[in-house]
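**Q** requesting a structural model of the entry that follows:
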Amino acid sequence: MKTWLITGCSSGIGKGIAKVALKKGYQVVVTARNTEKLKDLYEAYPKTCLPVSLEMTDKQSIQNVVKVTNEKFGPIDVLINNAGHGYRAAVEEGEEADIEELYDTNVFGPVTLIKEVLPQMRQQQSGTIVNVSSIAAVRSALGSGYYASSKAALELITDALIKEVKPLGIRAMIVEPGSFRTKFYDEALKGTAIKVDDYVKAGVKRREETVNARQQPGDPDKAGEVIVKVIEQDELPHTLLLGSDAVKIVSQELERKLKEIQDYQNISEQTDF
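**A** Below you'll find the model as predicted:
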């Protein structure tokens, strides 16, 4: 696991992963739309850190970052799809262009990057792909349906990927973070311009009403330490939860779903021949 490519490294969990990987001596390509935000990483590790501008909605940009990585450090051993953003809107309020951009960033961009690195991973019969999702993929919240669905889509794609690449010597893993002290509720959260008052009464909070109090329980640097530690293990979990809040929320939701299955089991089974 010599060469790492990490998306979304300007702050938060992506930067946390990059700092740990660089400290451990790996060659790391760090990406962001604005490479000025990666300057501190490069200055700390000028020989092993390569900042590259990346736009997840642009296929040519994605192909370029893989090309530059190969030219500088050689084949990619670890790909971490971390870049993404949120979107606040009730389902009825979602704007088509914004939804398409959200899916391009959170789903289709990561998939394109995966498809770019898999041929070389198949050739070397090794490699690790980590897709950073969210607990929203397990339980959506009011006004977060589009964001949650994008993360759920990424998770199910990864679920198939894990099974497809395992016989080829390649590993993949889903990461589901809880609430972390990042900039997710700042510039990484977008919102709809369509306002339907009824949804305010239903409890949907607007983007402009969201204040990042930075009281979230999760530490991005500790998340980086945990993710790198798990990647260095021989075996990966299918899904790695991050944070005590993630463990609690996901457990409660899975228990609720299991109870519902059991409650309706007699009705569900009435459809058999």
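**Q** quick one: mean pLDDT over whichever strand or helix holds residue 117.
**A** When elements are assigned from DSSP states H and E, residue 117 belongs to helix 109-124. Rounded to a whole number, the mean pLDDT of helix 109-124 is 98.
**Q** what sits up against that helix?
**A** Residues outside helix 109-124 that contact it (Cβ atoms under 8 Å, 6 or more residues apart in numbering) are 5, 7, 56-57, 59, 62-63, 65-66, 70, 75-76, 79, 81, 83-84, 127, 129, 131, 154, 157, 161, 165, 168, 170. Yep, even glycine has a C-beta here, placed from its N, CA and C like the rest.
**Q** how about 7 Å then?
**A** For helix 109-124, the external contacting residues (Cβ atoms under 7 Å, 6 or more residues apart in numbering) are 56-57, 59, 62-63, 66, 75-76, 79, 81, 127, 129, 131, 154, 157, 161, 168, 170.
**Q** list only buried entries from these.
**A** Among the contacts of helix 109-124, those scoring as buried are 56, 62, 66, 75-76, 79, 81, 127, 129, 131, 154, 157, 161, 170 (criterion: 16 or more other Cβ atoms under 10 Å).
**Q** so what's the gap between the helix holding residue 117 and the chain middle?
**A** Centre-to-centre, helix 109-124 and its host chain are 16 Å apart (Cα atoms, centre = their mean, to the nearest Å).
**Q** show me which residues of that helix are buried.
**A** Across helix 109-124, burial judged by 16+ other Cβ under 10 Å covers 109-114, 116-118, 121.
**Q** what packs against the helix or strand following it?
**A** Next along the chain after helix 109-124, taking DSSP H and E as the criterion, comes strand 127-132. Using 3 or more Cβ pairs under 7 Å, 6 or more residues apart in numbering; DSSP states H and E, the elements in contact with strand 127-132 are strand 78-81, helix 109-124, helix 145-165, strand 170-177, helix 220-231.
**Q** now strand 127-132, how far from the chain's geometric center?
**A** Put simply, strand 127-132 sits 10 Å off its chain's centre (Cα atoms, centre = their mean).
**Q** who does the residue positioned nearest the centre of the chain bridge with?
**A** By Cα atoms, centre = their mean, the chain has its centre lying nearest to residue 132, at 2.6 Å. When bridges are taken as DSSP bridges, the partners of residue 132 come out as residue 175.
**Q** and it, how far from residue 255?
**A** Residue 132 sits at a distance of 25 Å from residue 255 (criterion: Cβ to Cβ, to the nearest Å).
**Q** burial measure for residue 208, as a count.
**A** 8 (other Cβ atoms under 10 Å).
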